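Novice: Below: sequence and its predicted model.
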Amino acid sequence: MTTLRDLSIGEVCKIQRVIGDGEIKRRIVAMGLTRGTTVRVTNVAPLGDPLELQVRGYQLSVRKDDAARIEVTL
Amino acid sequence: MTRTIALAGNPNSGKSTLFNRLTGSKQSVGNWPGVTLERKVGRLRQHPDVEIVDLPGVYSLSAYTLEERVARDYLLDAKPDCIINIVDGTNLERNLFLTTQLLELGIPVVIAINMMDLVRHQGLTIDTNLLSRNLGVPVVEISASHGTGIDQLTSAVLAEHFVPALLPYTPEQETVLAEIMEVVGTSNRWIATQLFERDQFVNPRLPQLVHVQDQLETIITTHENALDDDAISIMAAERYLQVTNALPGQVKPAAARSLTLSDRIDQIVTNRWLALPIFAAVMFVVYYISVTTVGTFVTDYTNDVIFGDFVPNHVAVWLSDIGTAEWLSRLIVDGIIGGVGAVLGFVPQLMLLFVFLAILEDSGYMARVAFIMDRAFRHFGLSGKSFIPMLIGTGCSVPGIMASRTIENERDHKLTAMTTSFIPCGAKLAVIALISGAIFQGAWWVAPSAYFVGMAAVVLSGIILKKSVLFSGDPAPFVMELPPYHAPRPSVVLRSMWDRSWAFIRRAGTIILLATMTIWFLANAGWQHGPRFVDDLDNSFLAAVSGSIAWIFAPLGWGTWQSTAATLSGLVAKESVVGTFGVLYGVAEVSEDGAEVWGRLAASFTVLAAYSFLLFNLLCAPCFAAIGAIRREMGNGRWTAFAVAYQTVFAWTIAFIFYQLGIAIRDRAVDGWTTLAVVALAGIVWLLVKKPARPRRATIVASVGSEVAA
């Protein structure tokens, strides 16, 4: 399964599901990363982590470890 | 009758600015019960019978972060008469997610769409009438920073309120929620959604839940299986569907949005290759102006000229003119004015730094600092934003510690406030120069080694504390919004600068003043046929106190009352360590590096003891001004005491291990102390590698009432 972590800058995908539980999971979905949402990877921080995403018209920053819990379809 | 209005909204939605607009200067700042989050309450302008409570900025009411828990408990337990929900008009979709939760609480809601100036600037319009009809609550357009729409908002808040109608979910979800409400016996739809999400924080409100837990679980699991998704995701998707259905057509999310100016700025500022050079340049400018040049100048001017010369001289002349007794004159001039000066001397520099911080925050760059530095700092439990406090801390710990205020996450904030003073500040340079010159013939490596020790102490403490019970729990979610850039607004910057400066003066001022005066008194009074002021430090109370506790430092190699007295006087200001040695060794005036006392000092310290003395003084409790700043950031005395105790114990342990192992290696001999030092070293290693403590989370739940259940 492709996760958000595997995408490179500029790629666009649709959220399939968010794995896991707890605080981070709740925050991820509250920020709008729900099934079917279109997400674009716009940037990677200079030290290689975290990622910058465009979702629902705003910019969101997510660590790669958390991005690995987000399954997507291209 | 007093009415209470709660102000709720996302972080970065302009909530504080709106709060200031609505209340003017009539605010009181305290803490939320049991936690160190700031709680602001004010009275509505021209309507003193209306109280406004500023809730912490949250993205959701799911109660998994401290901010969310505080906001949610307040809304459920205090039941305000109305909620003003401020939403960022440039980011409607995400902001309205919280709105869907607020609308279900059974409390009247008024929506204030903020940043309408930016919305129009982007060439967009928002059909507020349609949005108001779709959501079933009044919607007002405002710009908190320009102060437009505030009157309309005030009249909407003062008008007759009605509880908003419920927005529909998908038919399947409605069925599930109806089943849950029936099984649990509640009519509160919001509670039902939380139960569906298996939110344990509503459980204490519903004692009947234990009997129906299995039934409830079956309903939830059946629905999850039908949709092949989990409840948390299903509920969030349902809420976002409500939002997109309610959004007026013209702000429907555009599939291919064209690049705004902010996007283009961001492409440069966070560019893989340019980000670090730009970051370094920005930090250099902030440091150069607020620490190296203008900052030092204003601090030196206030300390040396205003509080070191002008004020004390005039007051002294005036006091002797009116015939004040000499001891009282000394107390007032040296003790009180000196103490006040020690507090106020920092204020101009702090104000300068706070202007920079506010500009970085308001422009949107501060969020990028966290983005750029996250990877470097997260491993030792700090935020990417901790970089700024540490950098500023190399100049002075006081503004450094205060700069930690920009870190939203409470754990990262506290950890940063606790560890910033490990970084050698400008005043500690004097101590470094003293030891380096007296013992090590000014060897080049002494000063760099001090910075290395400071940084190592930050890293070690970050790892150790992060694993302790106090800081345990899931790591803070770093799922962070990167707000659009905009030009910093002078009104916002000045307000933020003033609020932070005033907070330092008011709260930190009391503790610094008292502590400084105490040390001054101890050093200047003594027992000579009864209590009196003494000219000789040898006869002072400070000497007596130092003599009685000097044994504590004997295992570190310098258990003399003189070194103890010097260390104690370092609490007033670290450079006082040098001055105290000067007084003790009978030198009237010492230069900054204390060159006059080098000979005497070299005679009374071994090389190992001297470096151990340096280690302890670098890492132990900082000066009172910095402790005051820690007090300000920690929000309560217990945390402050813990921070200072931790620093001092840590300093003692490191100096102890260094000295005892150093002796053992030098003499090629092992004794009981060596064994203890090895044990202490093993203890530190164990703290570094042990498993993190399990989180304590239940404490908040206990305080939650159950009246909301029905």
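Specialist: Structure received.

Novice: Return the set of residues that bridge with B:Thr148.
Specialist: B:Ser143 (DSSP bridges).

Novice: I'd assumed B:Ile113 was in contact with it.
Specialist: No - between B:Thr148 and B:Ile113 no contact is recorded; they are 11.5 Å apart, counting by C-beta atoms under 8 Å. Backbone N, C-alpha and C define where each C-beta goes, glycine included.

Novice: Now do the shared contacts for those two.
Specialist: B:Ile142 (C-beta atoms under 8 Å, 6 or more residues apart in numbering or on different chains).

Novice: More neighbours: the two, which one.
Specialist: B:Ile113 (26 against 15; other C-beta atoms under 10 Å in any protein chain shown).

Novice: Give me the secondary structure label for the more buried one.
Specialist: strand (DSSP: H, G, I helix; E, B strand; the rest coil).

Novice: I figured it hits B:Thr125, correct?
Specialist: No - using C-beta under 8 Å, B:Ile113 is not in contact with B:Thr125; the gap is 11.3 Å.

Novice: which element is B:His529 on?
Specialist: Counting by DSSP states H and E, there is no helix or strand that carries B:His529.

Novice: Any idea how many residues pack against it?
Specialist: B:His529: 5 surrounding residues under other C-beta under 10 Å.

Novice: Distance check, it against chain A.
Specialist: Distance of B:His529 to chain A, computed by C-beta to the nearest C-beta, to the nearest Å: 66 Å.

Novice: Check B:Asp321 too.
Specialist: Distance from B:Asp321 to chain A, counting by C-beta to the nearest C-beta: 64 Å.

Novice: swap in B:Gly323?
Specialist: With the distance defined as C-beta to the nearest C-beta, B:Gly323 ends up 67 Å from chain A.

Novice: circling back to that earlier point, what do B:Ile113 and B:Thr125 both touch?
Specialist: Residues touching both B:Ile113 and B:Thr125 by C-beta under 8 Å, 6+ apart: B:Val119.

Novice: residues in contact with whichever residue of the stretch 301-450 of chain B sits closest to chain A?
Specialist: Closest residue of the stretch 301-450 of chain B to chain A, C-beta to the nearest C-beta: B:Arg375 (4.0 Å). B:Arg375 is in contact with A:45, A:47-50, B:384, counting by C-beta under 8 Å, 6+ apart.

Novice: and with 7 Å instead?
Specialist: A:45, A:47-49 (C-beta atoms under 7 Å, 6 or more residues apart in numbering or on different chains).

Novice: Sitting in helices, which of those do you find?
Specialist: Among the contacts of B:Arg375, no residue falls in helices (DSSP state H).

Novice: Among these, which one has the most neighbours?
Specialist: Using other C-beta under 10 Å as the neighbour test, the contacts of B:Arg375 are led by A:Ala45, with 25 neighbours.

Novice: Pretty sure that one sits against B:Ile372.
Specialist: Yes - in terms of C-beta atoms under 7 Å, A:Ala45 counts as a neighbour of B:Ile372; the distance is 5.7 Å.

Novice: Which neighbours do these two have in common?
Specialist: Listed as contacting both A:Ala45 and B:Ile372 by C-beta under 7 Å, 6+ apart are B:Thr270.

Novice: okay, now B:Asn129: neighbour count?
Specialist: Neighbourhood size, B:Asn129 [other C-beta under 10 Å]: 10.

Novice: Tell me where the chain has strands.
Specialist: By default, I'm working from chain A. Assigned by DSSP state E, chain A shows strands spanning A:12-18, A:38-44, A:51-55, A:58-62, A:70-73.

Novice: Not quite, go with chain B.
Specialist: Shown for chain B, the strands assigned by DSSP E span residues B:3-9, B:27-31, B:38-44, B:47-54, B:82-88, B:109-114, B:139-141, B:479-481, B:525-527, B:531-533.
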